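Participant: pasting a predicted model and its sequence here:
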Amino acid sequence: MRRVGRIRLRCGTILPFTQTEQAWRTSCVARASARYSGRRNARVHGDSEMQRAIKNGIGARRGSAVHPWLWAGAAGVLLLPALAMRFYPQAGVDWSPLDFVVMGVLLAAVCGAMELGLRRDGSPTYRAGFAVAVLAGFAMLWANLAVGMLGREGDPANALFAGVLAIAAVGSLLARFRAAGMAKAMVVTAFAQLVVVGVALGLGGFQPRELLLTATFALPWLLAAGLFRHAAR
């Protein structure tokens, strides 16, 4: 058997080794290196999985938590008319118990919708778009209930705005509150807002200032659409 090399022992003695022995030693070193690399990759992968799980767990806890500042702000808004009636009667605020009930229901609906948006997506842009859409719907509904956006409070033309809100709500549900779908729903809602203005213009009897103010309500819907579109990228 041909000798192809020599190996030095710890004591300093040099011994020859065969080609077969050299191949066996090379194979052992390769297997040991592979096992070490596999354990190292598994450890790194396990650490990354653990970090991802911890991060997701923290995000889930943050997303599932109720936001007390939101409800406290709504309570403060509901308290303002009562304070005005009690300490500033010259302001002319005269709410009935029914007014407080209706306002409380609306604020609760707004807070519930905001909670949904805050839990749905952690993107600040998505949350901003959701907040703009919710506040736009609330402002429209409250303006119609208080004084009416077109004409007087009981003008039949104001009933058309219920269709605008229905389009926003149904569109959001069909989009499953996903950013890309929400952007399209808000664009359609803004278009519906302008359609209502066009219908009111065709009916006649409304002041240009009322029509212009009603048309500007399409801007918040378009702003929400832009924010959702940015969040979908």
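Facilitator: Sure, I can see it.
Participant: skip the chain neighbours and tell me the closest residue to residue 130.
Facilitator: residue 117 (3.1 Å; Cβ to Cβ, 6 or more residues apart in numbering). Where C-beta positions appear, they are placed from N, C-alpha and C, glycine not excepted.
Participant: how many neighbours does that neighbour have?
Facilitator: Residues lying near residue 117 (other Cβ atoms under 10 Å) number 20.
Participant: show me where the protein has its helices.
Facilitator: All helices of the chain, identified by DSSP state H, fall at 19-64, 68-87, 97-120, 124-146, 160-174, 179-203, 208-216, 218-231.
Participant: deepest in the core, which of the ones you listed is it.
Facilitator: helix 218-231 (a mean of 21; mean count of other Cβ atoms under 10 Å).
Participant: other SSEs contacting it?
Facilitator: helix 124-146, helix 179-203 (3 or more Cβ pairs under 8 Å, 6 or more residues apart in numbering; DSSP states H and E).
Participant: which residues does stretch 82-100 contact?
Facilitator: 78, 81, 103 (Cβ atoms under 8 Å, 6 or more residues apart in numbering).
Participant: pLDDT (mean, whole number) over that stretch?
Facilitator: Average pLDDT, stretch 82-100: 83.
Participant: same question for stretch 183-203.
Facilitator: When pLDDT is averaged along stretch 183-203, the result is 92.
Participant: and for stretch 120-138?
Facilitator: For stretch 120-138, mean pLDDT rounds to 88.
Participant: distance from that stretch to the middle of the chain?
Facilitator: 6 Å (Cα atoms, centre = their mean, to the nearest Å).
Participant: and the contacts of it?
Facilitator: The contact list for stretch 120-138 (Cβ under 8 Å, 6+ apart) reads 59, 62-63, 106, 109-110, 113-114, 116-118, 165, 168, 172, 177, 179, 182-183, 186, 217, 220-221, 223-228, 230-231.
Participant: how about stretch 102-114?
Facilitator: 67, 70-71, 74, 77-78, 81, 95, 130-131, 134-135, 138, 141-142, 145.
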